[in-house]
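S.K.: Give me a 3D structure for the following:
(chains A and B, ligands or ions: 2)
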Amino acid sequence: MSFRTQANAALRICYFNGIMPLWRSPLLIAAVFLTPFSFLFFLYVIAPRSLFPFGVVGGILFTALFTGNGMLNDCAYLRLERQLQQVFVASPVSPLAYLLGMALSELAFALPATVLFTSILVLVRPVSPLALAALLGVVLVTWLLATTLGFFISTLFAQLREIWPIGTLVFSLLSVLPPVFYPATEIPARWQWVALLAPSTYSAQLADRAVGLGGGISTGVAFVDSPLFAVGMLVAVTLLFGGAALFLARWREP
Amino acid sequence: MDALEAVGLSKTYARRGAPVRALDRVDLAIPKNALFAFLGRNGAGKTTFIKVAATLLLPTEGTVTLFGHDVVADPASVRPLMALVPQEGKLFFHLTPREHVYEYLRVRGVSKESATSRTDAILEAMGLLSHQNVIALRLSGGLQQRTLVAMVLATEAPFLFLDEPTLGMDPFARRQVWEVIRRAARRGSTVLLTTHYLDEAEQLSDELAVVEAGRILYRGTGEALKATVGREVRLQFSGGVRPEELEPFGRVFADRDRVVLLTARASVRELTELALSRGGEVTVGPVTLEEAFLDLVGRGIGEDES
Ligand SMILES: Nc1ncnc2c1ncn2[C@@H]1O[C@H](COP(=O)(O)OP(=O)(O)OP(=O)(O)O)[C@@H](O)[C@H]1O
Ligand SMILES: [Mg+2]
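M.R.: Ligands and ions are numbered 1, 2, ... in the order given. As a prediction, this is how the structure comes out:
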């Protein structure tokens, strides 16, 4: 199949695997909203008002990161419980098209929550169209790295029961501990370096910066603290996870 | 060139404790356009073979080629040529049968017009029209299975892997599926199917293989398999005789209230008269595939154990 038909295949998978179920059972949206919205609510109640915008951007990024958890679970479910991945692998649909179709489905699931958090953001502080575009870019890269990571991890398991806890663990570690919901300046100086181990830190650095929030990483090394470093790291990690999903993930059982 | 060719194919599952040798140096060639059936007991290795050939499982040793392409080295060339009904596969629960068939065809790159007309045709042929717009969540198990088979057969792929396609279907539905499978073969597809229904294998396949403990125990036509029993006639008794009495006359299969004997033509008159004189009933007929299968595999198991 040509590039065009493969791209078409990915969009169709997104249509019937992502958009159709949402359309038929809108309550599914609630599942995506619940956790980040609860975090934001807590933050609103207990933290100083100045931190609230960080929480809103955090909600946007949390939603983007948790597409990885959705990907991990949905891909494992279709492969192990439904045997449907096999129906797509034994077909002209390329692995890349399947992967992209599944990842786009997760994006569809994340869309309503992302729109809501972005609307809240626009309400609480002025954000220029350019800033929104930059934020969108960060969200898309984060989605890509999260879903490719989720897919890669899911292929390593042969039992659904083993997979369920893994996703929650990995993606909570990525979205709750690093400075996603709060500014990095809250982290003690010598722990700043640890935060740099999580790719979500870079997403948050860039997202906060895009909408004019301060509170970035401050290791004292100017190069490391610069947005350019964050962009470079984010791209590198995305390429790494993408490569793992495409080349190291198990499309066949061993 | 054959449609499928397996040479020295082995698969050992590395399982904690004892590894399982599911395929043991299998050589098998399936000619183009054949309707080929795998028979074999549970755990014989049928699904394992299909998974390897359908690029879903790595073999331990040996090769499989599909239309000349190696399935391990060159999956990108073989995948476009195939479609698969996995054993106990299930549907997307929020989609209808029509959407399953149509969307799957579109994902595979079939044009809108062709996908629509093929969807109409297969839904009709599989008796799914009256359920075509019901989401899978609300379909019975057999209807879901029919939908899965419809999806895959509508592809008209050159090679069709059907792992227990008629599982859980009623006798009417099974016959509809047979007809659609035969049509696929007439159109030029090669079909490899597994089934535990011996009548299905007989109705459907040109050739079959009996798989046992990862090896091909027999390969040939159903008729020839029946001939391996070496007895021409099947006598079925209800009452009148005890199984032990029949042992000297051939192969005996005793079920709850019937005894089946596969025997030589020469014994028919004597045994029939004996049973009738004692008030039993006798049916005389040809050997069935089921008994030939039981006989063949039964002997295999006997040898293993001795
Ligand atoms: N994923 C797996 N891991 C370990 N062992 C396996 C796995 N899949 C199958 N086996 C073993 O390999 C052997 C062959 O299994 P296979 O599924 O190929 O049998 P089958 O002929 O399709 O049986 P059935 O008629 O029950 O479908 C069995 O002993 C089975 O237990
Ligand atoms: Mg099987």
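S.K.: in chain B, which spans are strands?
M.R.: Assigned by DSSP state E, chain B shows strands spanning B:4-13, B:20-30, B:35-40, B:61-66, B:69-70, B:82-85, B:159-163, B:190-194, B:207-212, B:215-220, B:233-238, B:250-254, B:259-263, B:281-286.
S.K.: The helix or strand hosting residue A:107: what's the following helix or strand?
M.R.: Applying DSSP states H and E as the criterion places residue A:107 in helix A:95-124. Per DSSP H and E, the first helix or strand lying C-terminal to helix A:95-124 is helix A:129-155.
S.K.: now the angle from that next one to helix A:95-124?
M.R.: Between helix A:129-155 and helix A:95-124, the angle comes out at 140 degrees (axes from the mean of the first three to the mean of the last three Cα atoms, to 10 degrees).
S.K.: Report the buried residues of helix A:129-155.
M.R.: Within helix A:129-155, the residues that qualify as buried by neighbour count (16 or more other Cβ atoms under 10 Å in any protein chain shown) are A:131, A:134-135, A:138-139, A:141-155. Just so you know, the C-beta spots here come from the backbone N, C-alpha and C atoms, and that holds for glycine as well.
S.K.: Mind checking if it is in reach of chain B?
M.R.: No - judged by Cβ under 8 Å from any Cβ of the partner chain, helix A:129-155 stays clear of chain B, getting no closer than 12.3 Å.
S.K.: could you give me the average pLDDT of that helix?
M.R.: Mean pLDDT, computed over helix A:129-155, is 96.
S.K.: That helix - contacts with which helices or strands?
M.R.: helix A:52-76, helix A:95-124, helix A:160-175, helix A:199-210, helix A:227-243 (3 or more Cβ pairs under 8 Å, 6 or more residues apart in numbering or on different chains; DSSP states H and E).
S.K.: quick one, which of these is nearest to residue B:81?
M.R.: Closest to residue B:81 of those, according to Cβ to Cβ: helix A:95-124, at 16.3 Å.
S.K.: Figure out how far that closest one is from the centre of its chain.
M.R.: Centre-to-centre, helix A:95-124 and its host chain are 9 Å apart (Cα atoms, centre = their mean, to the nearest Å).
S.K.: Run the angle between that helix and helix A:227-243 for me.
M.R.: Counting by the same axes, to 10 degrees, helix A:95-124 lies at 140 degrees to helix A:227-243.
S.K.: so where's the chain shaky on pLDDT?
M.R.: Picking chain A for this. Applying pLDDT under 70 to chain A picks out no residues at all.
S.K.: The intended chain is chain B.
M.R.: Checking chain B against pLDDT under 70 turns up B:300-306.
S.K.: at 50 what do you get?
M.R.: Low-confidence segments of chain B, defined by pLDDT under 50: B:305-306.
S.K.: Which positions in it make contact with chain A?
M.R.: So chain B meets chain A at B:14, B:51, B:54-58, B:75-76, B:79-80, B:82-92, B:94-95, B:99, B:103-104, B:106-109, B:135, B:148, B:151-152, B:155, B:157, B:161 (Cβ under 8 Å from any Cβ).
S.K.: Where helices are concerned, which of these count?
M.R.: Using DSSP state H, the subset of the residues of chain B next to chain A located in helices is B:51, B:75, B:76, B:99, B:103, B:104, B:106, B:107, B:148, B:151, B:152.
S.K.: which among those residues gets closest to residue B:188?
M.R.: Distances from residue B:188 to those, taken by Cβ to Cβ, are shortest for residue B:152, at 16.0 Å.
S.K.: and the closest one, what is it in contact with?
M.R.: By Cβ atoms under 8 Å, 6 or more residues apart in numbering or on different chains, the contact set of residue B:152 is A:87, B:83, B:84, B:85, B:104, B:160, B:162.
S.K.: try residue B:4
M.R.: B:28, B:29, B:30, B:53, B:64, B:65, B:66, B:159, B:190, B:192.
S.K.: cool, and residue B:195?
M.R.: Counted by Cβ under 8 Å, 6+ apart, residue B:195 has contacts B:37, B:38, B:39, B:164, B:165, B:166, B:201, B:204.
S.K.: ok, 6 Å please
M.R.: residue B:201 (Cβ atoms under 6 Å, 6 or more residues apart in numbering or on different chains).
S.K.: quick one, phi psi at it?
M.R.: Main-chain torsions, residue B:195, degrees, to the nearest 10: phi -160, psi 150.
S.K.: related to what we said a few turns ago, now the buried members of the contacts of residue B:4.
M.R.: By 16+ other Cβ under 10 Å, those give B:28, B:30, B:53, B:64, B:65, B:66, B:159, B:190, B:192 as buried.
S.K.: in the helix or strand harbouring residue A:224, what's buried?
M.R.: Using DSSP H and E, the element containing residue A:224 is helix A:222-225. Across helix A:222-225, burial judged by 16+ other Cβ under 10 Å covers residue A:225.
S.K.: Just give me the closest of the ones in helices among the residues of chain B next to chain A to residue B:183.
M.R.: Of those, the one sitting nearest to residue B:183 (Cβ to Cβ) turns out to be residue B:152, at 13.6 Å.
S.K.: How about the helix holding residue A:107 and chain B, touching?
M.R.: No - judged by Cβ under 6 Å from any Cβ of the partner chain, helix A:95-124 and chain B are separated, with a smallest distance of 8.0 Å.
S.K.: show me the contacts for the residue most central in space within chain A.
M.R.: Geometric centre of chain A, nearest residue: residue A:65, 2.4 Å, by Cα atoms, centre = their mean. Under the criterion of Cβ under 6 Å, 6+ apart, the contact list for residue A:65 reads A:146, A:171, A:174, A:175, A:200.
S.K.: how about 7 Å then?
M.R.: A:142, A:146, A:171, A:174, A:175, A:200 (Cβ atoms under 7 Å, 6 or more residues apart in numbering or on different chains).
S.K.: tally of neighbours for the fourth one?
M.R.: In terms of burial, residue A:174 registers 25 neighbours under the definition other Cβ atoms under 10 Å in any protein chain shown.
S.K.: Stretch A:205-217 spans what distance, first to last residue?
M.R.: Chord length of stretch A:205-217, first to last residue, is 7 Å (Cα to Cα, to the nearest Å).
S.K.: What residues of that stretch count as buried?
M.R.: For stretch A:205-217, burial by neighbour count (16+ other Cβ under 10 Å) applies to A:205, A:206, A:207, A:208, A:209, A:210, A:211, A:213, A:215, A:216, A:217.
S.K.: What of stretch B:213-227?
M.R.: B:213, B:214, B:215, B:216, B:217, B:218, B:219, B:222, B:225, B:226.
S.K.: Let me have these in JSON lines, adding distance to ligand 2 as columns.
M.R.: Formatted as JSON lines, these follow (distance: Cβ to the ion, whole Å):
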{"residue": "B:213", "distance to ligand 2": "14"}
{"residue": "B:214", "distance to ligand 2": "13"}
{"residue": "B:215", "distance to ligand 2": "16"}
{"residue": "B:216", "distance to ligand 2": "16"}
{"residue": "B:217", "distance to ligand 2": "16"}
{"residue": "B:218", "distance to ligand 2": "18"}
{"residue": "B:219", "distance to ligand 2": "18"}
{"residue": "B:222", "distance to ligand 2": "20"}
{"residue": "B:225", "distance to ligand 2": "20"}
{"residue": "B:226", "distance to ligand 2": "24"}
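S.K.: burial of whichever residue of chain A sits closest to ligand 2, as a residue count?
M.R.: Of all residues in chain A, residue A:83 sits closest to ligand 2, at 11.7 Å by Cβ to the ion. For residue A:83, the neighbour count with other Cβ under 10 Å is 19.
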